[in-house]
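Enquirer: Build me a structure from this.
(one chain, ligands or ions: 1)
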Amino acid sequence: MITSSPFGTYDGKEVIQYTLKNSQGTEIQILNFGGIIKTILVPDKNGKMEDICLGYDDMKGYETNPFYLGTLCGRFANRIANASFIIDGKTYELDKNDGQNSLHGGKGGFHKKVWTPEIDGDVLKLTYVSPDGEDKFPGELKVTLCYQLTDDNELVMQYSATTSAKTVINLTNHAYFNLAGQGAENIFDHDVTIKADQYTPQDSTYIPTGAIESVEGTPFDLRTAKNIGQMIPRVPGNVGYAHNYCFGTTGDKKFMARVEHPASGRYLEVYSTEPGLVFYTSYYLNETGKGGAKYQKYGAFCLEAAHYPDSPNKPNFPSTLLDPSETYQQTTSYKFGVM
Ligand code: GLA
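Expert: Predicted coordinates:
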């Protein structure tokens with residue numbers, strides 16, 4: 001079931017909050033602003049409901065939202081080195097909004113757009129037409145994102161896009177989770193499993209070196225469940241995880257990751273057709289959120305299914321090029337449950 005209520009305005013356009021509910025009592029709130037997942041209310045092992053998704057109470061928070069809480073990211077999720085790439089010999093220069101690099105589509109970005117909403121049964125469909133040259137990317141890009149909450153407690157996100165000219169595209173969702181509740185202090189008592197044999201090593205600005213390496217014998221080996229609090233200090237660089245894991249290029253929806261919170265019994269699983277998954281343990285987080293909650297370093301985790309960072313400049317990575325003859329497609333889901 002989907003219900004809606006007014007949430008505010010942006011750029012003179014109406015922002016609506018949609019509430020998706022299923023037979024399990026799970027309740028998810030989504031905005032047509034930035035495709036933002038605002039609230040995820042799920043039970044613990046005793047049936048106690050808690051909001052496990054970080055966010056803001058009102059539009060004022062989402063207008064700035066420097067940490068991309070809950071947002072859809074595009075046209076190009078994650079980083080493009082030197083904010084520049086080449087298609088067919090032509091160089092495109094983007095906004096440098098993360099040091100020398102471009103992050104999550106630049107200054108504009110899909111997280112700051114009002115999307116056209118449509119409800120079709122239990123599916124919330126958001127559409128956005130990004131004009132040719134918007135945020136300095138080539139081609140008019142028509143993007144659709146469908147959200148559906150199943151009775152199995154799976155939030156399915158189905159993306160598709162077409163372009164009028166050759167371009168690059170990489171979409172993801174940037175929700176921050178804390179399975180103890182959105183205001184809980186940290187995620188040190190959570191356990192993580194990421195079913196990837198390889199990851200992409202990166203420099204200090206989070207740009208992949210281009211190598212694809214085995215996780216074997218490194219702190220990136222999360223193929224069996226590991227405690228996040230014990231692992232964070234072992235990650236080189238002292239900023240926790242902000243790393244891309246590799247899953248190959250099959251395009252089939254596959255299990256990628258699971259995070260468990262033994263104290264509450266809650267868990268979250270991620271499935272995706274994408275070849276990559278960024279695991280980010282929110283080193284930079286520093287914000288006041290819903291109900292005055294203090295969000296801070298290691299206060300939450302993100303699992304961002306997408307193509308690898310800086311793919312447009314890394315010919316050996318799965319391609320993020322989109323030709324007018326093709327349709328971009330991605331299905332990613334967050335599955336919630338109790339142990
Ligand atoms: C962005 C990315 C994360 C991580 C951080 C690091 O939020 O989405 O995956 O790289 O930047 O600052």
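Enquirer: does Q296 really touch Y284, like I thought?
Expert: No. Counting by CB atoms under 8 Å, Q296 sits too far from Y284 to count as a contact (9.8 Å). Just so you know, the C-beta spots here come from the backbone N, C-alpha and C atoms, and that holds for glycine as well.
Enquirer: Need the outlier residue of the protein, farthest from its centre.
Expert: Most distant from the centre of the chain: G89, at 30.8 Å, with distances by CA atoms, centre = their mean.
Enquirer: That residue and the ligand, how far apart?
Expert: Distance of G89 to the ligand, computed by CB to the nearest ligand atom, to the nearest Å: 30 Å.
Enquirer: Per-residue pLDDT of that residue, please?
Expert: In this prediction, G89 carries a pLDDT score of 97.
Enquirer: what does K107 give?
Expert: Looking at K107, the pLDDT reads 89.
Enquirer: what's the closest non-adjacent residue to E63?
Expert: Y10 (6.8 Å; CB to CB, 6 or more residues apart in numbering).
Enquirer: what about the one you found, how many neighbours?
Expert: Neighbour count of Y10, defined by other CB atoms under 10 Å: 18.
Enquirer: how close does it get to K226?
Expert: 40 Å (CB to CB, to the nearest Å).
Enquirer: go on, Y328?
Expert: 33 Å.
Enquirer: In terms of neighbours, single out the busier of the two.
Expert: More neighbours surround Y328 than the other of Y328 and K226, with 21 against 16 (other CB under 10 Å).
Enquirer: buried residues in stretch 75-89?
Expert: Using 16 or more other CB atoms under 10 Å as the test for burial, stretch 75-89 gives R75, F76, A77, N78, R79, I80, A81, N82, A83, S84, F85, I87.
Enquirer: now swap in stretch 169-186 and tell me
Expert: Buried, per 16+ other CB under 10 Å, within stretch 169-186: 169-184, 186.
Enquirer: Also stretch 26-45?
Expert: 26-44.
Enquirer: any idea where the helices of the chain begin and end?
Expert: Secondary structure of the chain by DSSP state H: the helices cover 59-64, 228-231.
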